[in-house]
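quick one, fold the following:
(chains A and B)
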Amino acid sequence: MDSDCLSLLPAVCLVLADPKQSPPDDTSLEKLLDWFKELHSQSNGQVLLQHQPCLLEFISNVCTSKTTDPAILSFTLKLTGLLAATTQGFNLLDEGGLLVYVFEREAWGVCDLWEDASVRSGWLQGLLDMLKHQQALGFICGNGLIKVILQLQNDRSLFVACLANQLLVHILNFLTSSNMTSGSDVVGSSESSLRPDWVSASSEIMNAVVEALSSEDCPRVLQGLRLLSLVLSQCGEPIISTLWKDVLVPLEVFVNRGSESLIQTLITVLEAALGTPLLSQSEYKVEELLEAMLGDGNRKECFQCAALIVKLEKCPEVLKRKATDIILLPLQCVSTQPQAEKEINVVLKEQLSQKASCISLLMQSLSSLAQLAHTKYLFEDISIHSITSSVALLLRMCSGHCPSSLLHINAFTHLIGCCKVQRCGLDTLGALSVYEENLDLRKDIFGVLLDYLQSPDSHATVLKKTFQAVKRWIVCSPFPDLLQFISHDLFPVLEKRMCDLRWEVRDSTLEFITQLTAALNGNSGFSEALHTSGMVSVLLSSLADAEGYVRASAVAAVGEAVTASFHQTVLVSNSKLLEDALMQMMAILSQDTEGFPRRAVVQAFTSWLKGSHLIMALESSLSSVLSLGGSDFDWEVKMHTLELAEVLMEKTLTCCPYAVQNFGSSEETRFTQALIKFKDFGLFDLLFNSLFDCDRPVCEKACALLVKLGTLTAETADLDHSILVLNVCGNRWGDEVQRRYLNKQQAKASVCVTNGVTGSDEGTDCDLHCTKDISLPKILQILDLDDMQRMLTLSSDHVVNSPRSLMEDILSAAQQSEENIVDCY
Amino acid sequence: MPDIKVTPLGAGQDVGRSCILVSIGGKNIMLDCGMHMGYNDDRRFPDFSYVTQNGRLTEFLDCVIISHFHLDHCGALPYMSEMVGYDGPIYMTHPTKAICPILLEDFRKITVDKKGETNFFTSQMIKDCMKKVVPLNLHQTVQVDEELEIKAYYAGHVLGAAMFQIKVGSESVVYTGDYNMTPDRHLGAAWIDKCRPDLLISESTYATTIRDSKRCRERDFLKKVHETVERGGKVLIPVFALGRAQELCILLETFWERMNLKAPIYFSTGLTEKANHYYKLFITWTNQKIRKTFVQRNMFEFKHIKAFDRSYADNPGPMVVFATPGMLHAGQSLQIFKKWAGNEKNMLIMPGYCVQGTVGHKILNGQKKLEMEGRATLDVKLQVEYMSFSAHADAKGIMQLIRMAEPRNMLLVHGEAKKMEFLKDKIEQEFSISCYMPANGETTTIVTNPSVPVDISLNLLKREMALGGPLPDAKRPRTMHGTLIMKDNSLRLVSPEQALKELGLSEHQLRFTCRVQLHDPHSDTDTLGRIYTHLKSVLKSYSIQHVPDGTVIVESIVIKVTSSAEEPNLKVLLLSWSYQDEELGSFLSTLLKNGLPS
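Below you'll find the model as predicted:
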């Protein structure tokens, strides 16, 4: 690869440096950089620069030209940084002052190029890539580049500002590690053996953080805080404690001021501080600051702080408890009567009386609760029982039911029909199912959930969340009257929902039934209820739904219902179900215009076959499924059909008692019988046809199965070839086999002629092209499957994505005289 | 001042993936959520971490709006909603909702086909994402919440493409997505009413181009196909399943009919049927001609175009084949290309854009030898033609849209920087409005001047009318004085008296006072007399009284004189006046500071 590419490199450099040429598209330049990065990681970077003087020339040409395109300049800056990442590369570039010339900020200042964000980000990225050794650090510090980077930290482009922060942290980190290796203290040490410009660089950066935090300009403060959090999470001591001491005062000011726009970033800073040794030293006040942010729960911002603190992983327990208490307040306030006048939180009441803040507070409260439930958090001051009741009550309020004792709360009117709170509340209710203490609330909760399922006003997305919650509560704690609940309460609602006008609802209902059936697999009462309630016939009728997605979900639901039925004793209704299901599914596979239902049919067959209960019952349909699925338009139907074939092969070959009569027969006979069975199923037609498909994954899968078959055939010495003869005429794969065979024969014959050998023990094969039938082992041999497999494992884009292809594209685009007008779709 | 903020995460000075964040009236909206087809890694998706800085998208965004089904506008949607996590509403038109999953599935296949592909959405994710979509009709105003409303307008470009008006209170933004101002074979031209948005965000793909008539390109296309077929060659047209393919099919079908041609035309992999199903379903979204003739004959039921079977590629004789995918990078189109490439009688017509790395891109760049898997080289001898049929507004069209909508500000996206610069100057010159073109990651802030609706009391209006002056006119704003009452979420302007009455308050008079020191060697009474005379001579048209209790009164201004026993010549004048006479009061204090005439 490399030698090919390296030979093209000089020409590519010439094209890219030519200001008359319009630059190749941005992806080409990015991909070219990817290649250089790869070379660099293989430590070829230095070699590259030494042996490719064209690169130095390119960099110099681009930087001296005043008409360079910003995209090319940005690329050059990044490339230079990459090449200078090794000391040798750095030295080569530094000789003659090229490096200074490239990164000299003043040079860019005179032209408009610096105005282009891509140039600024290229400049930063170049320095970031270069900063792998001390010389690079010296270069940055010695040329006053820190100042420029600090300016870019407040750039108008988010991307540039973010990159500048990363670079600054990297510099600080590098200063610390250089310091460690040289054994002295870069921060604040007067006896430092470090270069003075390094010491001043680190203090310059840290001062900038402190200054930013003391600024009145909010965006500047935000950038300062972002840099601070990066420093805390990525740098080591003594940087973090030195910096922390300096920023503690402004941080305290922010915390006490409670500025809303800073909260999230402040929490990020404090979160980062939690992961450092700062936490254990009380004078650094990390915990104190977090606690101060929470206040007494009577400030507008404290709820957002609490929601963020609840999420923190390394949060001290006391703090987490306090945050939890605060974040639950909105939920409690809306759903319970205040016990005494003094408990009323005025700020909270005010917030809850306005719609937007009410919804946002409750969403914060609910999602924090869900988060806590995921870890099965143990609540202390408040019972999980009452929390869960509150959530259930809140959900009732959202659908317009409110106990009269709570009517005075303004929030009620904001909540009616609010999908946002409903979705969030249902997620939370589902998550709360993990607490055993909630078991006795089940009736109430199912009541709420059923109301949602029944309500004609429920939004499709809300219904989907309701189904998820119902499933969680059923699966989590099966209860004695579960079946009663399912057949009397749940199924009638589901049947109604399957006639919903919205396909989204019908689909979610079917998905829910499938999941429920799978989850209650083995529960005989459930599969009986499916039949007796008439649910099965509703499922079967959904197979004819107008929406493809719904038909596919119906296929999956019917498939699961069949599986569930056959786990039980064989009933007449079961075989009737299978019969109906097979008939309709075959119709879908052969006639449905959409891919999803057809894919689902094949997947249902695979899952039935895996279950092994149904092999006999399916035998008559299998060959049709294999043939229809194999010739489908949709590549995924073909893939699923090959997966079905794989299961069939496994089941049959691993002495499946249903497929092959194996009493008293030898291994070889059983294998032969299995192959005959495959032939009857049309499995070989499927595999060989798929081997020459236009979709690579299909060919790959077919090839893998044939290789497996080939190995088994080769291992079975006494295989009777005459029994396994396949017709190779009149189909595409047969033509291909014949063509390949003839090619081989011709090649062999020419070798024979040159060697003067006549006569052959393969004389019979010479007439191959005249015959229609060839034995399976022979075909497998002719096809040279190992070679095919090797080719297929190379993905279809391996050639087009190669660096050589990329360079050829850049070169040919440059030769193309007429510009293809920019187009996109 | 309130403002509108716009930050492109994609389509800022490029034609890659569109993804634009807009903040308006406290609401955050994402416009389009596209994917860059040119990358195989995470670079293909917008970096959503910039949206929220660690927060959750559902909490930050109020809604997502998708303008049309092209992947550079919707390709990252399942990734955002199902993998990054977004549970809020997604808006798009009905046809877009129907067609979007087909293209997403199409693309998923291509991606799955690649080696080492991870972090990509599944079929189930596409479906789950589509379930979150709220479909819209044209010109239907949808209330996202109490404050935020959106409305879709016809955009041409592709079936179901729409422009969106986003309104919060009196502030509004229009986002065009991709649009076309001239009708084509199957779609109409974009249209919007004179909605005068604060900001119009427009695509600018053809910012500097005035495109030639599409008829010429169509004639050229038909001529080339015809010539190839006549000499017995085969024509391959790689297309994506939906969109341009249908336009070209109508073109060929009509031509074949007219010329009575016999060579077969095929469309690969059964997609015609499905695509045409959607065109039939959404016939109201096509152009007038198709809608009119629909009753007599459905334009999408083709007589000459048949489904393709892969064995047909080896048939002798001429034929035309539309095959997917459109960039010749995998699947059927590539397989057919490999078969036909060696024959110079054959022709390849590329009707769309190809990303770097694809076979389509290489061929368009004139490469004649292509390396295939296993190092085999493919000689490209067939003729190659590139014909752009993409439907974007050209410079003229963009100016036309500005004239239609009359925006107060303009922002260009989805175009190349240099070309945008040119158009920006032109817009600023011709319309005298500010035009912005932020790069990706740059935020543009537009200050708005929102009008707040206020109810005015009838009494106040009557009083205003009684004062005379011109009759009220919507185009000529007038100043009115009154007391603004903010109560129960509404604003009312009433007369001060009414306000006092309503609020049960009594009136208080606010008076300004000041002291002026003056050297005057007379008695206090004489000084007051001198002041009276002086003011009489200066303020001729004012009523000035010398009241016997020792004050001089000018309008509401009261002047008193005092002096101390120690310094009888130093007089202290006490001035006091009401708010109404503030100007006169300050004038008098200055006047008296200068002393009295001797």
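
from now on I want contacts and neighbour counts done on CA atoms only, so please keep to that.
Noted.

can you give me the strands for the stretch 601-750 of chain A?
For the stretch 601-750 of chain A, the strands defined by DSSP state E, counting those that start in this stretch cover A:725-727.

so, low pLDDT: which residues of it?
A:612-615, A:655-665, A:717, A:719 (pLDDT under 70).

let's go with 50 and repeat that
Within the stretch 601-750 of chain A, the stretches with pLDDT under 50 are A:657-663.

up against chain B, what does it have?
Residues of the stretch 601-750 of chain A found near chain B (C-alpha under 8 Å from any C-alpha of the partner chain) are A:633, A:634, A:694, A:695, A:696, A:697, A:732.

can you redo those residues as a markdown table, where the extra columns are neighbour count?
Formatted as a markdown table, these follow (neighbours: other C-alpha atoms under 10 Å in any protein chain shown):
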| residue | neighbour count |
| --- | --- |
| A:633 | 18 |
| A:634 | 18 |
| A:694 | 18 |
| A:695 | 23 |
| A:696 | 22 |
| A:697 | 24 |
| A:732 | 14 |
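
specify which member of these is nearest to residue A:473.
residue A:634 (38.0 Å; C-alpha to C-alpha).

my read: that closest one touches residue A:595, true?
Yes: using C-alpha atoms under 8 Å, residue A:634 is in contact with residue A:595, at 6.1 Å.

once you drop chain neighbours, what's closest to the residue of chain A found nearest chain B?
For chain A and chain B, the shortest gap (C-alpha to the nearest C-alpha) falls at residue A:157, measuring 4.3 Å. Spatial nearest neighbour of residue A:157, chain neighbours left out: residue B:442 (4.3 Å); criterion: C-alpha to C-alpha, 6 or more residues apart in numbering or on different chains.

ditto for residue A:4
Leaving aside its sequence neighbours, residue A:4 is closest to residue A:804 (6.9 Å, by C-alpha to C-alpha, 6+ apart).

can you pull the phi/psi pair for the one you found?
Note on residue A:804: its backbone torsions stand at phi -60, psi -40 [degrees, to the nearest 10].

so it touches residue A:5, yeah?
Yes: between residue A:804 and residue A:5 a contact is recorded at 5.2 Å, counting by C-alpha under 8 Å.

lowest-pLDDT helix or strand in the chain?
Going with chain A. helix A:105-109 (a mean of 65; mean pLDDT, DSSP states H and E).

please go with chain B instead
Quick look at chain B via mean pLDDT, DSSP H and E: least confident is helix B:271-281, a mean of 72.

and after that one, which helix or strand comes next?
helix B:288-293 (DSSP states H and E).

now do that next one: distance to the chain's middle.
Its chain's C-alpha centre and that of helix B:288-293 lie 30 Å apart, by C-alpha atoms, centre = their mean, to the nearest Å.

so for it, what gets flagged as buried?
B:288, B:290, B:291 (16 or more other C-alpha atoms under 10 Å in any protein chain shown).

now that helix: average pLDDT?
Confidence for helix B:288-293, expressed as mean pLDDT, is 78.

ok, residues contacting it?
With C-alpha atoms under 8 Å, 6 or more residues apart in numbering or on different chains as the test, helix B:288-293 has contacts from B:186, B:188, B:283, B:284, B:298, B:299.

OK, contacts around the residue in the stretch 301-450 of chain B that chain A sits nearest to?
Using C-alpha to the nearest C-alpha, the closest approach of the stretch 301-450 of chain B to chain A is made by residue B:442 at 4.3 Å. Shown in contact with residue B:442 (C-alpha under 8 Å, 6+ apart): A:156, A:157, A:158, B:7, B:8.

from those residues, pick the one nearest residue A:627.
Minimum distance to residue A:627 across the contacts of residue B:442 is 49.9 Å, recorded for residue B:8 (C-alpha to C-alpha).

right, and the closest one touches residue B:443 too?
Yes: at 7.4 Å, residue B:8 counts as touching residue B:443 under the criterion of C-alpha under 8 Å.

compare the two (neighbour count), which wins?
Neighbour totals were compared for residue B:8 and residue B:443, and residue B:8 leads with 26 against 19 (other C-alpha atoms under 10 Å in any protein chain shown).

and the more buried one, that one's in a helix?
No: counting by DSSP: H, G, I helix; E, B strand; the rest coil, residue B:8 is located in no helix; its state is strand.

distance of it from chain A?
According to C-alpha to the nearest C-alpha, to the nearest Å, residue B:8 and chain A sit 10 Å apart.

quick one: contacts for that residue?
Residue B:8 touches B:18, B:19, B:20, B:21, B:438, B:439, B:440, B:441, B:442, B:443, counting by C-alpha under 8 Å, 6+ apart.

ok, the third one touching residue B:6?
Yes: in this structure residue B:20 lies within contact range of residue B:6 using C-alpha under 8 Å: 7.0 Å.

would you map the strands across the stretch 401-550 of chain B?
For the stretch 401-550 of chain B, applying DSSP E, counting those that start in this stretch gives strands covering B:409-413, B:434-436, B:444-447, B:455-456, B:483-487, B:490-494, B:511-519, B:544-547.

for the ones you listed, could you give me JSON lines that also reports mean neighbour count?
As requested, the strands of the stretch 401-550 of chain B are exported to JSON lines (neighbours: other C-alpha under 10 Å):
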{"stretch": "strand B:409-413", "mean neighbour count": "25"}
{"stretch": "strand B:434-436", "mean neighbour count": "20"}
{"stretch": "strand B:444-447", "mean neighbour count": "17"}
{"stretch": "strand B:455-456", "mean neighbour count": "14"}
{"stretch": "strand B:483-487", "mean neighbour count": "13"}
{"stretch": "strand B:490-494", "mean neighbour count": "17"}
{"stretch": "strand B:511-519", "mean neighbour count": "16"}
{"stretch": "strand B:544-547", "mean neighbour count": "14"}
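
in CSV: those, plus distance to residue B:403 and mean pLDDT.
Compiled in CSV, the strands of the stretch 401-550 of chain B are given as follows (distance: least, C-alpha to C-alpha, whole Å; pLDDT from 0 to 100):
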stretch, distance to residue B:403, mean pLDDT
strand B:409-413, 12, 97
strand B:434-436, 14, 97
strand B:444-447, 20, 96
strand B:455-456, 33, 90
strand B:483-487, 37, 88
strand B:490-494, 34, 88
strand B:511-519, 53, 90
strand B:544-547, 60, 90
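
where's the residue nearest to residue A:518 when sequence neighbours are not counted relative to residue A:576, distance?
Distances taken as C-alpha to C-alpha, 6+ apart put residue A:560 closest to residue A:518, at 6.6 Å, once the chain neighbours are dropped. Distance of residue A:560 to residue A:576, given as C-alpha to C-alpha, to the nearest Å: 15 Å.
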